[in-house]
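Novice: Provided below for reference: sequence and predicted model.
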Amino acid sequence: MIAFVCASYIQTIRAFQMHSQIDGFKQNADLFLVNKMFEDVELISRFRKTRAFNNVHYIDTSADETAATLRYMYAKKYKDILKKNSYSKVISFNEEEIIAQALYNLNKRQPNFEFHCVEDAPSAYEVYLPPNFSWKHPYKWLGIDKPFYKIKEWWTSCPELMTFPKECNFEVKKLPPINVNDRKLLDIVNYIYDYKADENLNKVDCLIMEESHYTDGLMIDNKDYEIYEKIVKRYPDIKFAIKLHPRTRKNRFEGLVSSVQNMRVPWELIAWNRMVSNDTELFQLGIICGTMVSDKLLFGYEGSKMLLAKVFKGLIRAEGGYCRISDALIQKYERFQQEYKQPDKFVLPCTEEEVFRILDKKWKNGHELGEK
């Protein structure tokens, strides 16, 4: 028995792919959904009705923060969930996900036990070295370890773009792309997320990808709204829409642009269905959103994008000493751009002025107006 621990919608798509198609992950498995975005009885029920996993568990990890690993390992209310089965493998999509840490420590003494980490999102991102427990930390004396230091294999769709701290000694494995013509897998994921085609998207020229920086309290002022408002108002002949982030609770963009109907549907699933249906390509606009690179890394599809990472450098606050936009991350996106067969389809402007120069050339000169 193995366990997958997922904290986002896109992670569940990868979990289904790995469990059904990659040797070593096809045995009986449980699925742990560990983010509040999964707090939906019908959604969880649909996961269970696929019968792809023996058990599907939902745990709201936002509830317990103090001594969290210890609490999840031994608290009575989690005993029937985390200790119901023993696992020979735990597969986590986040470096320090708390349920994955608890499962690791509960099962690490199983014969031939393995801990695997899969990229958090389909993006060329930087892996950080989490601080280990010091000799005086209570967890050290209780024998509780951080699983990051015991990872057997790290799975990524872009090993050529990844860098790891020198202390890492795990094997890096390449995730195969998802076959867009795999109707069986697509039908399962469509069912889980209750996918329905949004016909309005076929009338859209540019899709703005909202990110969680504002919701997380890290966006300085309201800078993302400000620049998107300028763009929308500058090009009245262009049809815009926005895909709100799944954690968004209040739509700041209401009255400015229409939003994609179903917030619970992962963008990658929308893109997958559009590829299968040969729908019109959308120009995507975002900051550092993983969805800006996911179609190429998940499916090998090269969509048209404008990534505003350089423009927003310094406009997103650091969190716990970690900044979401770094020079290293920007360099990786520049390398990713060169992986495109047509690199000019993946644009990385440096300034707001350059943003408008590029969009003026694209839209005001009539290159793509009136094509729909």
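Specialist: Cool, got the structure. Numbering: from 1, shown residues only.
Novice: same question for stretch 103-115: list its buried residues.
Specialist: If you call a residue buried by 16 or more other CB atoms under 10 Å, then stretch 103-115 has these buried ones: 103-108, 113-115. From N, CA and C alone the C-beta is placed, and that goes for glycine too.
Novice: same question, stretch 198-214
Specialist: Of the residues in stretch 198-214, those with enough neighbours to count as buried (16+ other CB under 10 Å) are 198, 201, 204-211, 213-214.
Novice: same check on stretch 222-238?
Specialist: Across stretch 222-238, burial judged by 16+ other CB under 10 Å covers 223-224, 227-228, 231-232, 235, 238.
Novice: of the residues you listed, which is the nearest to G290?
Specialist: D224 (16.0 Å; CB to CB).
Novice: that closest one is in what secondary structure piece?
Specialist: helix 223-234 (DSSP states H and E).
Novice: put the alpha carbons of that helix into CSV.
Specialist: In CSV, the C-alpha atoms belonging to helix 223-234 read as follows (Å, rounded to 0.1, in the frame of the first residue of the first chain):
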residue,chain,number,x,y,z
LYS,A,223,-0.4,46.4,-7.9
ASP,A,224,-1.6,43.4,-9.9
TYR,A,225,-5.1,44.9,-10.2
GLU,A,226,-3.6,48.3,-11.2
ILE,A,227,-1.5,47.0,-14.2
TYR,A,228,-4.3,44.6,-15.4
GLU,A,229,-6.8,47.5,-15.3
LYS,A,230,-4.4,49.7,-17.4
ILE,A,231,-4.1,46.8,-19.9
VAL,A,232,-7.8,46.2,-20.2
LYS,A,233,-8.7,49.9,-20.6
ARG,A,234,-5.9,50.5,-23.2
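Novice: what sits against the closest residue to S8 other than its chain neighbours?
Specialist: Nearest residue to S8, sequence neighbours excluded (CB to CB, 6 or more residues apart in numbering): N35, at 6.3 Å. Contacts for N35 (CB atoms under 8 Å, 6 or more residues apart in numbering) come out as 6-8, 61.
Novice: sitting in strands, which of these do you find?
Specialist: Using DSSP state E, C6 are the members of the contacts of N35 that sit in strands.
Novice: spatially, which two of the contacts of N35 are the most separated?
Specialist: Greatest spacing in the contacts of N35, by CB to CB: S8 and T61 (12.7 Å).
Novice: who's more crowded, those two?
Specialist: Neighbours were counted for S8 and for T61 using other CB atoms under 10 Å; S8 has more, 21 against 17.
Novice: count the residues that sit near the closest residue to G300 other than its chain neighbours.
Specialist: Distance criterion CB to CB, 6+ apart; nearest residue to G300, sequence neighbours excluded, is P177 at 4.9 Å. Neighbours of P177 under the rule other CB under 10 Å: 14.
Novice: return the residues in contact with P177.
Specialist: Taking CB under 8 Å, 6+ apart, one finds 157, 297-300 in contact with P177.
Novice: could you do K341 as well?
Specialist: K341 makes contact with E302 under the criterion CB under 8 Å, 6+ apart.
Novice: quick check: it is in a strand.
Specialist: No - counting by DSSP: H, G, I helix; E, B strand; the rest coil, K341 is not found in a strand; it is coil.
Novice: so it versus V180, what's the distance?
Specialist: The gap separating K341 from V180 is 17 Å, by CB to CB, to the nearest Å.
Novice: next, give phi and psi for the nearest residue to E39 once chain neighbours are set aside.
Specialist: The spatially closest residue to E39, leaving aside those adjacent along the chain, is D60, at 6.5 Å (CB to CB, 6+ apart). Note on D60: its backbone torsions stand at phi -80, psi 100 [degrees, to the nearest 10].
Novice: give me the pLDDT for D60.
Specialist: pLDDT for D60: 85.
Novice: that one - how many residues pack around it?
Specialist: Other residues close to D60 by other CB under 10 Å number 12.
Novice: what's the spacing between it and Y340?
Specialist: 40 Å.
Novice: and L244, by the same measure?
Specialist: 27 Å.
Novice: check Q331 too.
Specialist: Applying CB to CB, the value for Q331 to Y340 is 16 Å.
Novice: so who does the closest residue to I227 other than its chain neighbours touch?
Specialist: Leaving aside its sequence neighbours, I227 sits nearest to E352 (CB to CB, 6+ apart; 6.5 Å). For E352, the contacting residues are 227, 230, 311, by CB under 8 Å, 6+ apart.
Novice: I'd like these laid out as TSV, including distance to Y72 and pLDDT.
Specialist: What follows is the contacts of E352, written out as TSV (distance: CB to CB, whole Å; pLDDT from 0 to 100):
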residue	distance to Y72	pLDDT
I227	41	96
K230	46	97
V311	40	96
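Novice: residues contacting the helix holding D224, please?
Specialist: Under the contact criterion CB under 8 Å, 6+ apart, helix 223-234 has outside partners 208, 210-211, 213-214, 240, 242, 252-253, 256-257, 285, 287, 308, 311-312, 315, 352, 355-356, 359.
Novice: please pick the buried ones from these.
Specialist: With burial judged by 16+ other CB under 10 Å, the buried subset of these is 208, 210-211, 213-214, 240, 242, 252-253, 256-257, 285, 287, 308, 311-312, 315, 355-356, 359.
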